[in-house]
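>>> Prediction below, plus the sequence it came from.
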Amino acid sequence: MKIAAVVCEYNPFHMGHQYQLDTIHQLLAPDAIVGIMSGNFVQRGEPAVFSKQCRAAAAIQSGIDLILELPAVLTLQSAQRYARNAVLTLHALGCIDTLFFGAESPDTEVLVQLARVLQNEDTTFSHRLQEELSHGLSFAAARAAAVKAILGPASAAILSQPNNILAVEYIKELLHLQSSIRPFAISRRGAGHDATAPADGFASASALREMLLNGQNIDSYLPPKIADIFSQEQPFSIRCMEKAIIANLCLIPLESLRHTADVSEGLEYALKKAAFSADTLPELISLVKSKRYAYSRIRRIAFNAYLGITQKDAQLLPSYIRVLDFNETGRNVLNLARKTASLPLAKNGGQIKNHPDAQKLWQRELALDRIYNLFQNTDKKI
């Protein structure tokens, strides 16, 4: 059985995602496609615009055969840790042949070469990276500057694009695991990752979320059958959680904030101070943001603090493979994976009752799902 995989969030699923799946079928003609998807909270540090059940249903309708869930504790992390956790889960499935991903630079071999350099981090590169960090740059910016100094501007330009960054991280983890999974980059089409305006008939997920939250219709940017699925839920607005998140930052002890995932270098003081001034989450983030700390990192920290995700949690590795949705072909993949997987497969908690670490992570996810559902402003269910 020839099985392809994608790491996805589908927040929301749109024409660009459909193009990627259609391209996979054209290039590989796989027997099945597996997606590993963020649950109700996504990597950028916010709740998903539609529930995980709704987004999984959209994926199954669009060409994915099996959707696995990456728990929020493993999702609300840096690009490196997010990619590590997603790839570890796919590798543990034991039956994936090829990992496809979108990239602004779709030359897979170039991305592999860059991943090898970053994985090895020889003395020259490490010294240059530390030098750039000492200038107050964020890790991503410092790494790009070090790559530019050593490998030249073309390589640095690759690391300036968000999809390329994730692509390189996926490849790094595959190399680290010495995985038999083959990486394959697909050119991203249309609007850029965070583009605010559509291009060539495609709109970015960021633009679509903004349109949804402003009450605009996005159906023309979605495959028709997906528009029908999303019509069954009201979009989840991050705005409904902002006051609670800021209130939590006001109340949480500095010591607890200091041990929140991704907090370092006294950032807890800046967050605490901003919480007593800001009335909205964007305002709070703007008060803390600097060239050292990216907007997405601060937003992620605010959510991690609210959800109780600590630096110790950030070191956790996948301990089970959560099955979220599948079709008949996906059922065949699961039957194969039961023979090949190195982690327990689970659609319900009873299937991991003999795995204490998995049970603990599963219970955490149930609690975080409850928080999402409490804030969700709809009674409609798919």
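That came through fine.
>>> so where do the strands sit in the chain?
Here the chain has its strands, by DSSP state E, at 3-8, 32-38, 41-42, 46-47, 66-70, 98-103, 182-187, 321-326, 345-346.
>>> any chance of those in CSV, plus mean pLDDT?
Below are these laid out as CSV (pLDDT from 0 to 100):
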stretch, mean pLDDT
strand 3-8, 98
strand 32-38, 98
strand 41-42, 97
strand 46-47, 96
strand 66-70, 98
strand 98-103, 96
strand 182-187, 95
strand 321-326, 98
strand 345-346, 96
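>>> In a markdown table, list those strands along with mean neighbour count and distance to Ala302.
Placement of C-beta: from N, CA and C, glycine included. What follows is the strands of the chain, written out as a markdown table (neighbours: other C-beta atoms under 10 Å; distance: least, C-beta to C-beta, whole Å):
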| stretch | mean neighbour count | distance to Ala302 |
| --- | --- | --- |
| strand 3-8 | 25 | 24 |
| strand 32-38 | 26 | 17 |
| strand 41-42 | 26 | 12 |
| strand 46-47 | 22 | 10 |
| strand 66-70 | 26 | 20 |
| strand 98-103 | 24 | 27 |
| strand 182-187 | 19 | 32 |
| strand 321-326 | 22 | 25 |
| strand 345-346 | 18 | 30 |
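>>> got JSON lines for those, with distance to Ala59 too?
Output for the strands of the chain, formatted as JSON lines (distance: least, C-beta to C-beta, whole Å):
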{"stretch": "strand 3-8", "distance to Ala59": "7"}
{"stretch": "strand 32-38", "distance to Ala59": "6"}
{"stretch": "strand 41-42", "distance to Ala59": "14"}
{"stretch": "strand 46-47", "distance to Ala59": "18"}
{"stretch": "strand 66-70", "distance to Ala59": "5"}
{"stretch": "strand 98-103", "distance to Ala59": "14"}
{"stretch": "strand 182-187", "distance to Ala59": "16"}
{"stretch": "strand 321-326", "distance to Ala59": "7"}
{"stretch": "strand 345-346", "distance to Ala59": "18"}
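>>> shaky segments in the stretch 151-300 of the chain?
Filtered on pLDDT under 70, the stretch 151-300 of the chain yields the residue ranges 189-201.
>>> and of the strands of the chain, who's closest to Ser155?
Taking C-beta to C-beta, strand 98-103 is the member of those nearest to Ser155, at 13.9 Å.
>>> tilt between the closest one and strand 182-187?
30 degrees (axes from the mean of the first three to the mean of the last three C-alpha atoms, to 10 degrees).
>>> Tell me the helices and strands packed up against strand 98-103.
On a contact count with 3 or more C-beta pairs under 8 Å, 6 or more residues apart in numbering; DSSP states H and E, strand 98-103 meets strand 3-8, helix 15-28, helix 162-177, strand 182-187.
>>> Spell out for me which residue occupies the centre of this structure.
The structure's the chain has its C-alpha centroid closest to Gln43; by C-alpha atoms, centre = their mean the separation is 3.8 Å.
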